[in-house]
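Asks: 3D model of this:
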Amino acid sequence: MKLIGLTGGAGSGKSTVSEMLRELGAVIVDADQAAHAVYEPGSPGFDAVVSVFGPEYARDGRIDRARLGELVFHDPDARRRLNAIVHPLVRDWMAASTAEAIEAGVQVVVQDVPLLFENGLEHLYSTVLLVYVPEDFQLKRLVEGRGLAEDRARAMIAAQMPIEEKRKLAPHVIDNSDTREATRRQVERIWKELLAT
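Replies: Alright, predicted model coming up:
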């Protein structure tokens with residue numbers, strides 16, 4: 001079984017590449033999906049967030065992710081407290097999902113981890129795939145594609161390791177700044193290489 005790390009920058013198109021890998025037969029274990037799962041009502045993550053941040057951060061029986069996101073975006077101490085709750089739960093969720101895939105006999109598991117290099121996790125994987133677009137593409141996609149305000153988009157990009165630094169660290173780079181077909185060709189080529197090694 002191969003365990004592959006998939007990463008990128010904000011707005012680089014990781015979800016597009018992740019879906020292409022899924023179509024080729026990989027099992028995808030997504031850190032963002034894990035982060036949503038560990039906040040579910042009745043979970044230890046939900047209870048801890050309400051306990052630490054207060055009941056005003058829950059709405060209609062769920063964590064108010066938009067309100068919590070605004071808080072941690074502007075308050076580094078709140079971000080540290082939230083990460084201390086969420087990161088261990090996300091790691092446990094991802095490890096359990098990966099173990100399930102291994103038990104089912106899956107050949108390739110891809111863990112989609114946005115801050116893989118920032119957190120020094122590259123040693124955990126057989127190899128790492130980086131979904132790359134230049135920084136100006138990241139900004140454009142976040143503003144035009146996701147509707148973020150430009151200052152918020154710039155702050156998101158600045159909060160991550162620069163994409164050019166990630167590019168130097170990644171053994172495999174998928175340039176997602178051209179057409180979807182061009183991206184698919186790169187994904188298929190790298191997939192064949194992964195299965196052959």
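Asks: okay, CA-based contacts and neighbour counts for the rest of this
Replies: Will do.
Asks: Show me this structure divided up by domain.
Replies: Following automatic domain parsing, one finds the domains of the chain at 1-25+107-197, 33-95.
Asks: pLDDT on the longest one, on average?
Replies: Mean pLDDT, domain 1-25+107-197: 93.
Asks: same deal with the last one?
Replies: Averaged across domain 33-95, pLDDT comes to 90.
Asks: related to what we said a few turns ago, distance to Ala101 for the domains of the chain - can I get that in a markdown table?
Replies: Converted to a markdown table, the domains of the chain look like this (distance: least, C-alpha to C-alpha, whole Å):
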| stretch | distance to Ala101 |
| --- | --- |
| domain 1-25+107-197 | 7 |
| domain 33-95 | 10 |
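Asks: can you tell me which helix in this protein is longest?
Replies: Counting by DSSP state H, the longest helix found in the chain is helix 76-103.
Asks: backbone phi and psi for the spatially most central residue of the chain, please?
Replies: The chain has Pro114 as the residue nearest its centroid, 3.3 Å off, counting by C-alpha atoms, centre = their mean. For Pro114, the backbone dihedrals (degrees, to the nearest 10) come out as phi -60, psi -40.
Asks: Could you count how many residues lie near the nearest residue in space to it that is not next to it in sequence?
Replies: Distances taken as C-alpha to C-alpha, 6 or more residues apart in numbering put Thr7 closest to Pro114, at 5.0 Å, once the chain neighbours are dropped. Residues lying near Thr7 (other C-alpha atoms under 10 Å) number 27.
Asks: Report the secondary structure element holding Thr7.
Replies: strand 2-8 (DSSP states H and E).
Asks: For that strand, output the C-alpha coordinates as CSV.
Replies: The C-alpha coordinates for strand 2-8 follow below in CSV (Å, rounded to 0.1, in the frame of the first residue of the first chain):
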residue,chain,number,x,y,z
LYS,A,2,1.3,3.4,-0.9
LEU,A,3,0.4,6.4,1.3
ILE,A,4,0.7,9.6,-0.8
GLY,A,5,0.5,13.2,0.5
LEU,A,6,-1.4,15.7,-1.6
THR,A,7,-1.0,19.4,-0.9
GLY,A,8,-1.1,22.8,-2.6
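Asks: which residue ranges form the helices in the protein?
Replies: Under DSSP H, the chain gives helices at 14-24, 31-37, 44-53, 65-74, 76-103, 135-140, 150-158, 163-169, 180-196.
Asks: contacts for the third one?
Replies: If you take C-alpha atoms under 8 Å, 6 or more residues apart in numbering as the criterion, helix 44-53 is touched by 38-41, 56-58, 62-63, 82, 85-86, 89.
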